[in-house]
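Chemist: Would you be able to build a 3D model of this:
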Amino acid sequence: MFRKVLIANRGEIAVRVIRTCKEMGIHTVAVYSDADSDALHVKLADEAYHIGPSDAVHSYLDMEKMLEIGMRSKVEAIHPGYGFLAENPQFAEMCEKQGLTFIGPPSECMYKVKPKDRARQLMKMLNIPVVPGTDEAMTGSGGKQLAHIEEVAESIGYPVIVKPAGGGGGIGMAVANKRQELGNVVRFVENMGRKAFGVPSFYIEKFLTGVKHLEIQVLADKYGNVIHLGERDCSVQRRYQKLLEEAPCQILSSHLRMKLCVAALDTAVALQYVNALTVEFFYVPDTREFYFNEVNSRLQVEHCVTELAANVDIVKEQIRIAAGEQLSYSQDEVGLNAHAIECRINAEDASRDFFPSPGTVTALRFPHGLGVRIDEGVYEGYEVPFHYDSLLFKLMVRGKTRDEAILRMKRAIDEVRIKGIQTNVPFYQVVLEDEVFKSGRHTTDFVAGRNIIQKVRERERILAKLESSS
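Modeler: Numbering: from 1, shown residues only. I've put the predicted structure just below:
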């Protein structure tokens with residue numbers, strides 16, 4: 001087992017990895033930018049090193065600096081978390097050449113699905129349905145390149161969604177509803193891909209509506225052992241960013257669940273994959289058809305709901321696999337034996353269409369109690385920077401049934417107290433009371449289709465009146 005690991009990330013995921021490492025007796029090394037000098041992950045790590053200015057391009061995305069700190073601190077392995085360098089095959093390869101273990105898949109596996117359009121080609125070889133779209137990455141947003149892109153979009157049929165080829169997690173994706181919008185959308189996606197992932201290329205797909213966003217968690221070791229941990233339902237989204245996730249999916253039949261899990265396992269075997277893998281799908285409830293969405297060759301933000309529902313520490317398995325050990329479980333030993341829900345608590349004002357709300361957390365109270373888990377990157381007095389993702393902490397609950405989990409989450413959400421900044425807590429208070437959500441039949445159109453933001457505004461107005469009258 002490793003003696004010392006560098007966590008090449010920040011915020012709640014860095015804290016989460018640090019905690020697991022310490023429980024395994026592993027010494028931890030953190031990195032921090034100018035904006036993160038007082039961050040929680042810096043305080044909790046055994047060692048911490050300044051990596052650069054607040055701009056992620058010159059800090060958390062700087063591969064040379066990250067490796068230099070790894071060598072200087074004499075770590076044996078690097079855990080990339082999610083985002084930043086987590087899905088960068090070049091960084092994984094650089095780690096390998098320096099003799100550092102990358103806690104994730106080998107670079108050879110990553111190159112097979114990066115840029116992400118390569119994963120579409122693999123799915124077609126495996127006879128797994130894919131969303132209609134391009135099978136090659138595209139670049140360029142002017143002149144002849146744009147004319148070609150417009151032809152491609154016309155052949156797919158509007159609306160189309162343009163996705164950064166180098167990333168995931170919904171970051172940088174945008175929809176063009178007609179030809180006149182395509183040029184601006186492509187330029188936006190190119191710019192976001194370059195800034196967030198260092199890769200400006202993109203691909204285009206048909207934009208599907210009224211679908212469930214489902215993903216299958218897979219673990220694989222170096223000895224050919226491959227298992228799945230069931231599915232997650234990630235259909236509560238805004239601007240293609242997941243907000244609330246749960247495991248398992250309420251409306252998925254046993255037959256379809258088996259088909260999705262087999263497709264995910266086939267993908268891992270075809271890639272000769274090692275470590276944690278997520279295969280994402282769109283499920284169309286009306287036709288009971290599913291389509292491949294993307295492969296994520298890293299830890300997912302929402303991995304925690306699977307951990308709670310399946311009672312498996314995915315980060316611990318990641319580290320064990322990277323150290324050359326076998327999986328701790330066989331397929332027969334795992335299953336989703338409970339229901340788990342996760343709410344991402346972000347520094348955003350939901351009533352103002354999720355407008356960012358950086359600032360100082362002047363007061364903070366977390367909920368507690370049976371079946372409640374908090375993965376946090378903040379504390380009272382912490383100044384939330386505007387340079388990075390707005391995620392403050394993840395609030396998760398576990399229940400024997402979905403109904404029990406929903407009631408537990410409602411109780412936990414009501415106990416959250418944060419002052420100094422705005423958060424999206426009121427959004428979840430509305431969602432958890434919604435009848436369509438409670439039925440489990442919500443899709444990716446849920447937030448807009450149920451006018452959730454308007455309901456949040458109405459609720460806030462009523463509460464403000466009650467406060468003023470009292």
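
Chemist: top strand in this structure by residue count?
Modeler: Secondary structure of the chain per DSSP state E: the longest strand is strand 226-238.

Chemist: who touches the next helix or strand after that one?
Modeler: Next helix or strand after strand 226-238 toward the C-terminus (DSSP states H and E): strand 241-247. Contact with strand 241-247 is made by 169-171, 213, 230-234, 236-237, 301-302, 305-306, 308-310, 336, 339-344, 346, 402, 405, 424, 427-428, 431, 447, as judged by C-beta atoms under 8 Å, 6 or more residues apart in numbering. Every C-beta, even on glycine, is put in place using the N, C-alpha and C of the backbone.

Chemist: Run the angle between strand 241-247 and strand 226-238 for me.
Modeler: Interaxial angle, strand 241-247 versus strand 226-238 (axes from the mean of the first three to the mean of the last three C-alpha atoms, to 10 degrees): 130 degrees.

Chemist: any idea which helix or strand comes after strand 241-247?
Modeler: helix 254-271.

Chemist: could you give me the average pLDDT of that next one?
Modeler: For helix 254-271, mean pLDDT rounds to 96.

Chemist: and the helix or strand that that helix is followed by, which residues are buried?
Modeler: Per DSSP H and E, the first helix or strand lying C-terminal to helix 254-271 is strand 275-284. Applying a neighbour-count criterion of 16 or more other C-beta atoms under 10 Å, one finds 275-283 buried in strand 275-284.

Chemist: what two of these have the greatest distance between them?
Modeler: Among those, the pair separated by the greatest distance (C-beta to C-beta) is N275 and Y283, at 25.7 Å.

Chemist: rewinding a little: and the contacts of strand 241-247, which of them are in strands?
Modeler: The strands, defined by DSSP E, take in 213, 230-234, 236-237, 339-344, 346 from those.

Chemist: Output the below-cut-off pLDDT ranges for the stretch 301-450 of the chain.
Modeler: The stretch 301-450 of the chain contains no residues with pLDDT under 70.

Chemist: Sketch out the strands for it, chain order is fine.
Modeler: Assigned by DSSP state E, counting those that start in this stretch, the stretch 301-450 of the chain shows strands spanning 339-346, 348-349, 355-356, 359-360, 363-365, 372-376, 383-384, 391-399, 417-419.

Chemist: how about these, which one is nearest N184?
Modeler: When the strands of the stretch 301-450 of the chain are ranked by proximity to N184, the top entry is strand 355-356, at 21.3 Å, counting by C-beta to C-beta.

Chemist: Measure how far the closest one is from the centre of its chain, please.
Modeler: 19 Å (C-alpha atoms, centre = their mean, to the nearest Å).

Chemist: what helices or strands is the strand or helix carrying Y49 leaning on?
Modeler: Per DSSP H and E: Y49 is located in strand 47-52. Counting contacts by 3 or more C-beta pairs under 8 Å, 6 or more residues apart in numbering; DSSP states H and E, strand 47-52 packs against strand 27-33, helix 63-72.

Chemist: care to break the protein down by domain?
Modeler: For the chain, the structural domains run 4-103, 132-206, 212-466, going by automatic domain parsing.

Chemist: Out of those, flag the one nearest M110.
Modeler: domain 4-103 (3.5 Å).

Chemist: Off-centre distance for that closest one?
Modeler: For domain 4-103, the distance to the chain centre is 18 Å (C-alpha atoms, centre = their mean).

Chemist: most tightly surrounded among the strands of the stretch 301-450 of the chain?
Modeler: Comparing the strands of the stretch 301-450 of the chain by mean neighbour count (mean count of other C-beta atoms under 10 Å), strand 339-346 ranks first with a mean of 26.

Chemist: Now do that strand: distance to the chain's middle.
Modeler: For strand 339-346, the distance to the chain centre is 12 Å (C-alpha atoms, centre = their mean).

Chemist: what lines up beside it in the sheet?
Modeler: Paired neighbours of strand 339-346 in the sheet (DSSP bridges): strand 241-247 (antiparallel), strand 391-399 (antiparallel).

Chemist: shaky segments in the stretch 51-200 of the chain?
Modeler: 167-169.

Chemist: Could you tell me whether K465 really is in a helix?
Modeler: Yes - with DSSP: H, G, I helix; E, B strand; the rest coil as the criterion, K465 is assigned to a helix.

Chemist: For it, give me its contacts.
Modeler: No contacts exist for K465 under C-beta under 8 Å, 6+ apart.

Chemist: mind listing what's buried in whichever strand or helix holds E151?
Modeler: Here E151 sits within helix 143-156, counting by DSSP H and E. Buried residues in helix 143-156, defined by neighbour count with 16+ other C-beta under 10 Å: 149-150, 152-153, 156.

Chemist: Dump those to a markdown table, plus distance to A165.
Modeler: Listed next are the buried residues of helix 143-156 as a markdown table, based on distance: C-beta to C-beta, whole Å:
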| residue | distance to A165 |
| --- | --- |
| I149 | 13 |
| E150 | 19 |
| V152 | 14 |
| A153 | 16 |
| I156 | 16 |
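
Chemist: Quick one: neighbours of the closest residue to S330 other than its chain neighbours, just the number.
Modeler: The shortest distance from S330 to any non-neighbouring residue, by C-beta to C-beta, 6 or more residues apart in numbering, is to I227 (6.9 Å). Neighbourhood size, I227 [other C-beta atoms under 10 Å]: 21.

Chemist: Likewise for the one 4 residues further on?
Modeler: When neighbours are counted by other C-beta under 10 Å, E231 registers 27.

Chemist: and the gap between it and R257?
Modeler: Relative to R257, E231 is positioned 6 Å away (C-beta to C-beta, to the nearest Å).

Chemist: now S201
Modeler: 34 Å.

Chemist: Go through the strand or helix carrying R118 and flag the buried ones.
Modeler: Here R118, judged by DSSP H and E, is contained in helix 117-125. Going by neighbour count (16+ other C-beta under 10 Å), the buried part of helix 117-125 is 117-120, 122-123.

Chemist: Just give me the closest of the residues you listed to D46.
Modeler: For the buried residues of helix 117-125, the nearest to D46 is A119 (36.8 Å; C-beta to C-beta).
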